[in-house]
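J.: Fold the following for me, if possible:
(4 chains)
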2 protein chains.
Amino acid sequence: MEIRRADMIADELEEAVFAGEFGDGDRLDEVKLAAQFGVSRTPLREAFQRLIASGLAEQIPRRGVFVRQPGPVELMEMFETMAEIEGVCGRLAAMRISEQAIDVLVEANVRCQQAIDNSDVDDYYRENEYFHHYIYKQSGNSFLEQEALRLHRRLKPFRRHQLRFRGRMAQSMAEHVAIVAALKEGDPDKAAQALRGHVAIQGEKFHLLMSSLKTAAQ
Amino acid sequence: MEIRRADMIADELEEAVFAGEFGDGDRLDEVKLAAQFGVSRTPLREAFQRLIASGLAEQIPRRGVFVRQPGPVELMEMFETMAEIEGVCGRLAAMRISEQAIDVLVEANVRCQQAIDNSDVDDYYRENEYFHHYIYKQSGNSFLEQEALRLHRRLKPFRRHQLRFRGRMAQSMAEHVAIVAALKEGDPDKAAQALRGHVAIQGEKFHLLMSSLKTAAQ
DNA sequence: AATCTAATTCTTGTATACAAGATCGTTGAC
DNA sequence: GTCAACGATCTTGTATACAAGAATTAGATT
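T.: Numbers count the residues shown, from 1 in each chain, chains lettered A, B, ... in the order given. Here you go, the predicted structure:
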């Protein structure tokens, strides 16, 4: 399907920006990157337009394209927005979720718990992601689901570190259980609140995020 | 600032898609549009990438770029998402808004009421937009604000018709008053609910939207 | 030494050229 | 008459060429 070099380059560049391979303000050098990817400038420039439209880079006419990494303030705003959007997904899901779908979430939580028992952070991470994505879907609103996925993906690199701390997985797990309970009750406000609280950056998590930012900035 | 023809073309094409000048599935013909804009294919293809990244068009490799107009289902989903996001803005604004900012909203509502008294739909529309945008800003989260503005803008062409019906402006006005009251009280849940209800498509509005869709589809 | 200026070099933005896949129409077989 | 195969034509994707604005450097002037 994806025969266009430009598309693949856009994906790779996006990945590179997410991975922090470019710092804030770095210029995306057309000729250097063209040489690196072994193509001409044309497909690169098309790829750039995608990054720009996604807010990953900024273009200054006649000067070039510069990557835009979120600073601490924007990052907090993004996390707050994510928390609120997850809350919204929970609100809608509480009204629409089926019994079978609840069972799926329960099973996902079982696998989460197993990952904790095995102290397998990567596995927990994967199951946790599945849990959240599944709730997005249960909002019954695929437009909202896509928006949630988009933001979730954008924040992924910054969320990574958060679980690797004493007690975080267990607490996160307990919150998952509360979320499922609220969904099972069909209580929209309770589900929204549970998800908001689960995702929000507060207390200890704030400091973890900030310290991870400093190491990433180097 | 905007010296790039590609940027201007992207803006114009976006506007054209919003205005419904292209139907769902219409192919964006590179050579025809290039002739129309009086440029070569290169800047056009860069502009396309922006539309694609914004979800306004879809690219099928080696086949072309096709505009993607939301159907009734997606449109309902978008309006529901808008309602929820406005609710979120209201929730946060209720916790953060200042006295002065509330005064600004009160004044905006006065102008709205004047527009109603003059039966000036366009003026009401403009003031209404200002009211909503101002609430986005009062969320104190500029990332969320931008997301809200983006979706608001996307839905603009479909919202246009809704006000042109008997009693809609008056009811909308009453809801504005209730929203400001909830914000003044500093009650997040009440503000959220008021905004959700104000924006949501329900009852009569649903039929208006659907009928406007049919006329637009021709 | 510092600064202003002019010439050179680099980089971006757009046009054009070319290669390869997709579309369409025609012909021929059944 | 239908369908399949083939060729002509069109369209896309990428490379290259060229023009113009930006950055840089060297030189002249104070």
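
J.: Distance from the chain centre to stretch A:76-84, please.
T.: Stretch A:76-84 sits 11 Å away from the centroid of its parent chain (CA atoms, centre = their mean, to the nearest Å).

J.: Return it as PDB; C-alpha atoms alone will do.
T.: Listed next in PDB are the C-alpha coordinates belonging to stretch A:76-84 (Å, rounded to 0.1, in the frame of the first residue of the first chain):
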ATOM      1  CA  MET A  76       1.300  19.800  31.300                       C
ATOM      2  CA  GLU A  77      -1.400  21.200  29.200                       C
ATOM      3  CA  MET A  78      -1.300  18.200  26.900                       C
ATOM      4  CA  PHE A  79      -1.500  15.800  29.800                       C
ATOM      5  CA  GLU A  80      -4.400  17.800  31.300                       C
ATOM      6  CA  THR A  81      -6.200  17.700  28.000                       C
ATOM      7  CA  MET A  82      -5.500  13.900  27.700                       C
ATOM      8  CA  ALA A  83      -7.000  13.400  31.200                       C
ATOM      9  CA  GLU A  84     -10.100  15.400  30.300                       C
END
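
J.: what does it contact?
T.: When contacts are defined by CB atoms under 8 Å, 6 or more residues apart in numbering or on different chains, stretch A:76-84 is touched by residues A:70, A:148, A:151-152, A:154-155, A:158, A:195-201, A:209, B:88, B:91-92, B:141-144, B:147. For the C-beta atoms, the positions are set from N, CA and C on the backbone; glycine is no exception.

J.: A:Val67 touches A:Glu21, doesn't it?
T.: No - if you go by CB atoms under 8 Å, A:Val67 and A:Glu21 don't touch, sitting 9.3 Å apart.

J.: Quick check on the contacts of stretch A:76-84: which are buried?
T.: A:70, A:148, A:151-152, A:154-155, A:158, A:195-196, A:198-201, A:209, B:88, B:91-92, B:141, B:143-144, B:147 (16 or more other CB atoms under 10 Å in any protein chain shown).

J.: follow-up on the earlier one: ok, A:Val67 and A:Glu21, which is more surrounded?
T.: Applying other CB atoms under 10 Å in any protein chain shown to A:Val67 and A:Glu21 shows that A:Val67 carries more neighbours, namely 20 against 11.

J.: so who does the more buried one touch?
T.: With contacts defined as CB under 8 Å, 6+ apart, the neighbours of A:Val67 are A:Val17, A:Phe22, A:Gly23, A:Asp24, A:Gly25, A:Asp26, A:Leu28, A:Leu51, A:Leu56, A:Ala57, A:Glu58.

J.: Specify the beta-bridge partners of the last one.
T.: Put plainly, it is A:Glu58. When bridges are called by DSSP bridges, A:Glu58 pairs up with A:Phe66.

J.: And the pLDDT at it?
T.: Looking at A:Glu58, its pLDDT reads 97.

J.: Which of the contacts of A:Val67 fall in helices?
T.: Using DSSP state H, the subset of these located in helices is A:Val17, A:Leu51.

J.: May I see the contacts of A:Val67 arranged in TSV, with distance to B:Val106 and neighbour count as well?
T.: Shown next, in TSV, are the contacts of A:Val67 (distance: CB to CB, whole Å; neighbours: other CB atoms under 10 Å in any protein chain shown):
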residue	distance to B:Val106	neighbour count
A:Val17	43	22
A:Phe22	46	19
A:Gly23	45	12
A:Asp24	40	12
A:Gly25	41	10
A:Asp26	46	15
A:Leu28	47	22
A:Leu51	42	23
A:Leu56	39	23
A:Ala57	40	24
A:Glu58	37	13
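
J.: Export stretch A:171-184 to CSV, keeping only CA atoms.
T.: This file holds the C-alpha atoms of stretch A:171-184, laid out as CSV (Å, rounded to 0.1, in the frame of the first residue of the first chain):
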residue,chain,number,x,y,z
GLN,A,171,-1.7,2.1,42.3
SER,A,172,-2.4,2.4,38.6
MET,A,173,-3.9,-1.1,38.8
ALA,A,174,-6.2,-0.2,41.6
GLU,A,175,-7.4,2.8,39.6
HIS,A,176,-8.1,0.5,36.7
VAL,A,177,-10.4,-1.6,38.9
ALA,A,178,-12.2,1.5,40.1
ILE,A,179,-12.7,2.6,36.5
VAL,A,180,-14.2,-0.7,35.4
ALA,A,181,-16.5,-0.6,38.4
ALA,A,182,-17.8,2.8,37.5
LEU,A,183,-18.4,1.6,33.9
LYS,A,184,-20.2,-1.5,35.1
